[in-house]
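Asks: Provide a 3D model corresponding to the input given below.
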Amino acid sequence: MSDSRESAPETAPETAAQPRPKGEPRFPEGPAPDPAGSHFERRIRSFQPRRSRVTPGQGEALRRLWGTWGLDIDGQRTLDLDEMFGGLPVVLEIGFGMGEATAQMAADDPSTGILAVDVHTPGQGNLLALAEKAGLENVRVANGDAIILLREMLEPAALDGVRVYFPDPWPKKRHHKRRLIQPEFLNLVATRMKPGAVLHCATDWEPYAEQMLEVLDARPDFANTAPGGGFAPRPAFRPLTRFEGQGLDKGHVVHDLLFRRV
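Replies: Residues are numbered from 1 along each chain as shown. From the prediction side, this is the model:
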């Protein structure tokens, strides 16, 4: 996926016309600023919302398409994935950046639904625009905290796969508790995955890759699909993103981990 840490380019805001009155939503028919509100306890968040400008095209996509292809993670309902995706098997993608890789994977495999979660408004608009341009019917964009989505809004064994590509590595030691791939997260996500579903993680931060491998190897409910164990080669279905290519040019090493739900 495009890296969830990558920011949108600094471009002109969606409109230079009338200033928005104080307290009025930026996109009244689009993603909510804090969809779960105060309904749930404030846990340590593994993501950090980024504020960057929304291009005119992204803003237009949010206004026109959010009501059809977007959803807020409010924790107040259970999603019917069969209805949402017309019976397709569904993969949850946590953190999609600007959405280019998500759109490419959806186009390459129209027989799989992708429920793509992020809190980055420009990326949400960009993915909606890309999906519309490519005529994709198998992408939905979710806004908010993936933990609340998993815990409150998905049925047990609802998912045929989970993808976590280039999550924030939180490199400082005091911030390691914010990393997403932890035993507590795996306890939750395992309950929402069908037997045989694959958890696919990728990171260019080697200490985080080693932590991911350690916590996954310790679990009897996940089995490493890499021959001989350890890290896996990048599978052909995961596109090489612009961000990843830049990192490889600088000598970064990207690690993929693919573990099957037992």
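Asks: Of all the helices and strands in the chain, which has the lowest average confidence?
Replies: The helix or strand of the chain with the poorest confidence is helix 242-249; it has a mean of 84 (mean pLDDT, DSSP states H and E).
Asks: Can you name every helix or strand that the longest strand seen in the chain contacts?
Replies: Using DSSP state E, we find that the single longest strand of the chain is strand 193-203. On a contact count with 3 or more Cβ pairs under 8 Å, 6 or more residues apart in numbering; DSSP states H and E, strand 193-203 meets strand 159-165, helix 206-217, strand 255-261. Heads up, the C-betas are built off the backbone N, CA and C, glycines and all.
Asks: which of those sits most buried?
Replies: Greatest average neighbour count among the helices and strands packed on strand 193-203 goes to strand 159-165 (a mean of 23), per mean count of other Cβ atoms under 10 Å.
Asks: Mind giving me the packing neighbours of that strand?
Replies: Under the contact criterion of 3+ Cβ pairs under 8 Å, 6+ apart, strand 159-165 touches strand 90-94, helix 183-192, strand 193-203.
Asks: which residues in the protein form helices?
Replies: Using DSSP state H, the helices assigned to the chain run over residues 56-69, 81-85, 100-108, 121-134, 146-148, 183-192, 206-217, 242-249.
Asks: what comes up buried for the second one?
Replies: Buried residues in helix 81-85, defined by neighbour count with 16 or more other Cβ atoms under 10 Å: 81, 85.
Asks: Give me the contacts around it.
Replies: 90, 113, 115, 138, 140, 154-155, 158 (Cβ atoms under 8 Å, 6 or more residues apart in numbering).
Asks: let's see it at 10 Å
Replies: Where contact means Cβ atoms under 10 Å, 6 or more residues apart in numbering, the residues beyond helix 81-85 that reach it are 69, 71, 79, 87-90, 92, 112-115, 137-140, 153-155, 158-160.
Asks: Run the chain-centre distance for that helix.
Replies: 18 Å (Cα atoms, centre = their mean, to the nearest Å).
Asks: got it, and the shortest one?
Replies: Computed by Cα atoms, centre = their mean, the separation of helix 146-148 from the middle of its chain amounts to 11 Å.
Asks: Who are the contact partners of A232?
Replies: A232 neighbours (Cβ under 10 Å, 6+ apart): 200-202, 224-226, 255-259.
Asks: Mind doing that once more with 8 Å?
Replies: A232 makes contact with 225-226, 256-258, according to Cβ under 8 Å, 6+ apart.
Asks: Run through the bridge partners of it.
Replies: Taking DSSP bridges, one finds D256 as the beta-bridge partners of A232.
Asks: Distance check, it against A223.
Replies: 12 Å (Cβ to Cβ, to the nearest Å).
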